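1. predicted coordinates and the sequence they were generated for:
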Amino acid sequence: MIKIAICDDEKYFIDVIEKMLKIYAEQNGQDFLIKKYTKPLQLMGSLKEEFQIFLLDIEMPAMNGMELVSIIRKHDEKSIVLFISSHSEYLGDGYQYDIQNFITKPITQVQINCEMNRAVRKLNTYEQKYIAVKNENGYFKLFLSDIEYIETIKRKVLFHLRNGENEMGYFKIRDLEERLEQYFFVRCHNGIIVNVDCIESLHDLTVTLYSGDQIYITRSRKQNLMKKMAERGGCI
């Protein structure tokens with residue numbers, strides 16, 4: 001399921017976009033969960049729902065689309081954002097926030113189809129895959145491409161990230177292993193799952209990551225790791 005948020009101060013226009021999105025979803029076998037907002041503050045209060053696509057009007061009272069997307073980017077750097085406006089003079093202003101495109105009103109079904117095709121292709125890439133993590137601070141989105149390795153600590157797991165930071169989460173390591181295996185993650189031993197893309201070398205039973213961390217791998221799991229490295233284009 002793909003979560004989509006539409007924000008525009010004109011309810012009629014929101015309903016038009018929703019109808020077009022539903023037509024696209026039916027024609028292309030997609031499952032969309034669409035939420036509609038007429039006020040930016042309403043959308044801001046719902047960012048915890050982890051939307052993957054935003055369609056935002058630029059000109060709105062109290063807070064414009066530029067201000068809204070700056071807040072969205074602080075929460076989520078990788079979601080897909082489309083600006084919609086009847087004024088072409090804003091063209092280009094939003095690209096500092098990594099906007100997919102700028103659509104001028106009146107919007108057509110062809111435009112929606114084109115932009116959704118691009119968005120769905122991007123969401124299906126490895127870089128856009130994520131898991132929802134829960135800890136004492138609440139829920140947040142953790143992209144798979146940002147994970148270096150995962151370590152089990154008692155009844156929790158610690159996500160070691162590529163940027164050097166760590167995040168704690170409530171998971172069972174076995175459940176994570178099943179969910180992540182198709183995305184080139186390998187369990188090295190009972191307490192560690194490694195992102196194959198972060199492996200610099202494998203020597204005997206020692207995995208060395210680009211960060212310099214070294215992880216032991218059991219002999220029974222080494223063959224699977226070598227296979228994943230070869231599939232991913234790694235050098236053994």
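-> Arrived safely.
2. hey, where'd the helices end up in the chain?
-> For the chain, helices defined by DSSP state H occupy the ranges 11-28, 40-44, 65-75, 109-123, 173-180, 219-231.
3. residues in contact with the fourth one: which ones?
-> Okay, so that is helix 109-123. 2, 17, 20-21, 23-24, 28, 30, 52-53, 80, 82, 100-101, 103, 128 (C-beta atoms under 8 Å, 6 or more residues apart in numbering). Every C-beta, even on glycine, is put in place using the N, C-alpha and C of the backbone.
4. let me see the contact set for the spatially closest residue to Ile193 that is not a sequence neighbour.
-> Among residues not flanking Ile193 along the chain, Ile150 sits closest, at 4.3 Å (C-beta to C-beta, 6 or more residues apart in numbering). Going by C-beta under 8 Å, 6+ apart, Ile150 touches 157-160, 173, 176, 185, 192-194.
5. just flag the most distant two among those.
-> Farthest pair in the contacts of Ile150 (C-beta to C-beta) is Leu158 and Phe185. Separation: 14.9 Å.
6. which one of these two is surrounded by more residues?
-> Phe185 (21 against 13; other C-beta atoms under 10 Å).
7. please name the residues that touch Asn135.
-> 156, 167-170.
8. would a markdown table of the helices of the chain with distance to Leu209 be doable?
-> Shown next, in a markdown table, are the helices of the chain (distance: least, C-beta to C-beta, whole Å):
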| stretch | distance to Leu209 |
| --- | --- |
| helix 11-28 | 39 |
| helix 40-44 | 37 |
| helix 65-75 | 28 |
| helix 109-123 | 27 |
| helix 173-180 | 16 |
| helix 219-231 | 13 |
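9. alright, calling it a day.
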